[in-house]
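S.K.: output the structure for:
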Amino acid sequence: MAEQEVKAQGASLNTMFTYGIGSIAIGIKNNLLGTFLLLYFNQVLGLPALSVTSALAVALIIDAISDPIVGIWSDRVRTRWGRRHPFIYVAIIPFTLSYYFILQNPGTISAGEITESELFVRLTFLLIIMRLSMTFYEVPRGALQPELTKDYDQRNQISGVSMAFGWIGGAGMASLAYAFFFVETPDFMGASAFLRPEAFQQLAFWGGLSLFISAVISNVGLHKHIPNLHIPEERNLDDFDIEGTIFTKELSFSNLYW
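M.R.: Numbers count the residues shown, from 1 in each chain. Next up is the predicted model:
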């Protein structure tokens, strides 16, 4: 018992930064979904904006269902690689590939190379893969954060460092894209440079590569902490008041708006 109590008492600055690096991947993903996705699929490939946002909504609904399932699963699992890392490792490759393939060019609707329904299904499928991969990556990773230290202030510091790295990832990739990818060519002058298909393929490669590297560096770097992480006693599924938890969350959410 005494040995268990001394686990994960504090986190070094190196640990905080190693954890934070993993948020670069999330920032890069957020930059894609919030900035470039609609521009590419609507203005370049020709998919109506309503279809693009509908695909985003479908993936988000599935994400809302998968998040608590993966969260409970990672809480209960016991492996020699700990509770969180197996999920994170499994997620990295599909997370990277979904980012890369979303920005590939399957053909444009206007040229008759692909139909609207085919492009919608393709986008929806890839977004679902991305959201599920992100669930397996970020939900266990978020639960790992307070397990790295028992100190309240350090937990806040880790959270702050993580948010900063996430911002750096998103803003950094956007800056790189604007400076080197979306540049004028004889066929794409002025604002039309932002519609150059090859620029999105460059973003797919460098964004996907950066996402992969940041995720691997962070989580491999944290692997050594697995033996020192807090492991609670096992509980049966009957111990979870799922209905009460859902009701409490719904009540808390409604109190924000009523």
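S.K.: buried ones in the one helix or strand M163 maps to?
M.R.: In the assignment (DSSP states H and E), M163 maps to helix 152-176. By neighbour count with 16 or more other CB atoms under 10 Å, helix 152-176 contains the buried residues 154-155, 157-159, 161-162, 165-166, 168-170, 172-174. Using the backbone N, CA and C atoms, a C-beta is placed for each residue, glycine as well.
S.K.: just stretch 175-194 next, same as before
M.R.: Buried residues in stretch 175-194, counted by 16+ other CB under 10 Å: 177, 181-182, 188, 193-194.
S.K.: could you list the low-confidence segments of the stretch 1-150 of the chain?
M.R.: The stretch 1-150 of the chain contains residues with pLDDT under 70 at 1-9.
S.K.: tally of neighbours for K224?
M.R.: The tally of other residues near K224 (other CB atoms under 10 Å) stands at 10.
S.K.: give me phi/psi at it?
M.R.: Phi and psi for K224, reported as degrees, to the nearest 10, are phi -70, psi -20.
S.K.: next one: T185
M.R.: Backbone torsions of T185, given as degrees, to the nearest 10, read phi -130, psi 170.
S.K.: the stretch 51-200 of the chain: helices as residue ranges?
M.R.: Assigned by DSSP state H, counting those that start in this stretch, the stretch 51-200 of the chain shows helices spanning 85-102, 116-144, 152-176, 197-221.
S.K.: quick one: buried residues of the first one?
M.R.: Translated: helix 85-102. 85-89, 91-92, 94-102.
S.K.: what's the angle between it and helix 116-144?
M.R.: Per axes from the mean of the first three to the mean of the last three CA atoms, to 10 degrees, the angle that helix 85-102 makes with helix 116-144 is 150 degrees.
S.K.: tell me how far helix 85-102 is from the chain's mean position?
M.R.: Its chain's C-alpha centre and that of helix 85-102 lie 9 Å apart, by CA atoms, centre = their mean, to the nearest Å.
S.K.: relative to helix 197-221, how tilted is it?
M.R.: Here helix 85-102 points in a direction 170 degrees away from that of helix 197-221 (the same axes, to 10 degrees).
S.K.: what helices and strands are in contact with helix 85-102?
M.R.: helix 23-31, helix 49-76, helix 116-144, helix 197-221 (3 or more CB pairs under 8 Å, 6 or more residues apart in numbering; DSSP states H and E).
S.K.: just the longest one next, same as before
M.R.: Other helices and strands packing on helix 116-144, by 3+ CB pairs under 8 Å, 6+ apart, are helix 23-31, helix 49-76, helix 85-102.
S.K.: compile those into JSON lines and extend it with columns for distance to S12.
M.R.: Output for those, formatted as JSON lines (distance: least, CB to CB, whole Å):
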{"stretch": "helix 23-31", "distance to S12": "18"}
{"stretch": "helix 49-76", "distance to S12": "24"}
{"stretch": "helix 85-102", "distance to S12": "19"}
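S.K.: out of those helices, flag the one nearest R141.
M.R.: Closest approach to R141 among these (CB to CB): helix 85-102, 5.7 Å.
S.K.: who's in contact with that closest one?
M.R.: Helix 85-102 is contacted by residues 25, 28-29, 32, 37, 70, 73-74, 77, 79, 81, 123, 126-127, 129-130, 132-137, 139-141, 144, 204-205, 207-208, 211-212, 215-216, 219, 222-223, 226 when judged by CB atoms under 8 Å, 6 or more residues apart in numbering.
S.K.: quick one, it and helix 49-76 angle?
M.R.: Going by the same axes, to 10 degrees, helix 85-102 is angled at 170 degrees with respect to helix 49-76.
S.K.: helix 85-102 to helix 23-31, inter-axis angle?
M.R.: 40 degrees.
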